[in-house]
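Q: Pasted the sequence and its predicted model underneath.
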Amino acid sequence: MTHLARGAGTGWREVPGGFETGEGPPLVLLPGIRGDATEYVRLVPRLVGWTVRLVTLPDAGPRLVDIAAAVARDLPVGAWDVVGASFGGLVGWALPPERVRTLTTLGTLPHRTKRALRMRWAAAVLRRAPERLYREYYGPRARASLQEDGADDALLDSVYLPPRDVFADRLAAIAGWGLPEVAPGTRPTWIWGATDRFVTWTPADVRGEGLEPIVVPGGHRPHLSHPTEVARWLPSPR
C-alpha cells in the first residue's frame, strides 16, 4: 500500500494517477509541491455527492503544462471540477481549459512574483545537493509545516518526499510559469488561510487578476486545519 493509501485511510479505490472514493460527478483534488494528496484527508468527508479523485502528481519535468498534461491523461473523460492546493493550483491552471468546469485554488500564487522567480535559483542549488542532505533538510520542514496546519501523528507518519530532482523540477516549474493569462473554469475561486505565512500577495493582487479572493481561517493548508470553512466555498455536485 502506498504512502497515499496509508494516509487516506480505508474506502479508497486505486485508479491511474491516484485514489478515488464516493459516487457522483468527479471532483479532482491536486496536492501541493510534494505531490501527495494526503493533505486533503480532513476535507474529503465533507465532500458528499462527489466522486473524489486524490491525485498523486506525476514526475513530468520542469514545466507546469507538462505536469498538467500528465495529470489530464489519467483523469476520466469530460470536464471536471478541480481544487488545487498551492503548487497544485498552478497545475490546475495549466490543465486544458475545455476539461475544467470550475477551478478553486488554496494558497496559490495569482501571478508571477519575485519569489516565484527565485525558485529557479533554488532548483539549481537543490540539484547539486546530495539526496541524503535534501531529505534531511526538507523532511523535517515538510513535517513541521504540516504540523503547523494541524496534522495529527498518523498523517505526519505518512509524510512523503519526492526524489530530489523531481522536487527541483517543480521549483523550476514555478519559476518558468508559462501559464495562460486566464485560468480555466468559470470565475476561478482563489482561497487562502488568514495566517498563511507563505503568502506574499494581497486581496488587491488577486482582484488585479480579475478574481475574487476569499480569506478563510487557517494557514497554508486551510483544507487541513479548517476543512468545514473551505468546503463551504467549493462547488456543489451537479
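A: Great, that's in hand. Keep in mind the model is a prediction, meaning the values are calculated, not measured.
Q: shaky segments in the protein?
A: By pLDDT under 70, the low-scoring segments of the chain are 1-10.
Q: tell me the helices in it, going along the chain?
A: Taking DSSP state H, the helices of the chain run over residues 3-8, 64-73, 87-94, 114-128, 131-148, 153-157, 164-176, 203-208, 222-225, 227-231.
Q: Dump the shortest one to PDB, restricted to CA.
A: Okay, so that is helix 222-225. Taking C-alpha atoms only, helix 222-225 is exported to PDB below (Å, rounded to 0.1, in the frame of the first residue of the first chain):
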ATOM      1  CA  PRO A 222      -6.800  25.600   5.500                       C
ATOM      2  CA  HIS A 223      -8.300  22.500   4.000                       C
ATOM      3  CA  LEU A 224      -6.400  20.600   6.600                       C
ATOM      4  CA  SER A 225      -6.900  22.900   9.600                       C
END
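Q: packing partners for it?
A: strand 189-193, helix 227-231 (3 or more CB pairs under 8 Å, 6 or more residues apart in numbering; DSSP states H and E). (Each C-beta comes from the backbone N, C-alpha and C, glycine too.)
Q: Deepest-packed of these, please.
A: Mean neighbour count (mean count of other CB atoms under 10 Å) peaks for strand 189-193 among these, with a mean of 24.
Q: Return the distance of that one from the chain's centre.
A: Going by CA atoms, centre = their mean, to the nearest Å, the spacing between the C-alpha centre of strand 189-193 and its chain's C-alpha centre is 12 Å.
Q: List the contacts of that strand.
A: Outside of strand 189-193, the residues within contact range by CB atoms under 8 Å, 6 or more residues apart in numbering are 102-108, 110, 199, 206, 211-222, 225-226, 230, 233.
Q: ok so, going back, for the helices and strands packed on helix 222-225, give me CSV that also has distance to Arg164.
A: Output for the helices and strands packed on helix 222-225, formatted as CSV (distance: least, CB to CB, whole Å):
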stretch, distance to Arg164
strand 189-193, 28
helix 227-231, 31
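Q: Can you say which of these is nearest to Leu155?
A: Closest approach to Leu155 among the helices and strands packed on helix 222-225 (CB to CB): helix 227-231, 12.8 Å.
Q: Output the closest one as PDB, nothing but the C-alphas.
A: The C-alpha atoms that make up helix 227-231 are tabulated as PDB, following Å, rounded to 0.1, in the frame of the first residue of the first chain:
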ATOM      1  CA  PRO A 227     -11.900  21.900   6.300                       C
ATOM      2  CA  THR A 228     -15.500  22.900   7.000                       C
ATOM      3  CA  GLU A 229     -14.700  26.600   6.200                       C
ATOM      4  CA  VAL A 230     -13.100  25.600   2.900                       C
ATOM      5  CA  ALA A 231     -15.800  23.100   1.900                       C
END
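Q: What is that helix packed up against?
A: With contacts taken as 3+ CB pairs under 8 Å, 6+ apart, helix 227-231 sits against helix 222-225.
Q: same thing but at 10 Å, please
A: In this structure, helix 227-231 packs against strand 189-193, strand 212-216, helix 222-225, with contacts taken as 3 or more CB pairs under 10 Å, 6 or more residues apart in numbering; DSSP states H and E.
Q: Can you list the strands that the second one pairs with?
A: Strands adjacent to strand 212-216 in the sheet, as given by DSSP bridges, are strand 189-193 (parallel).
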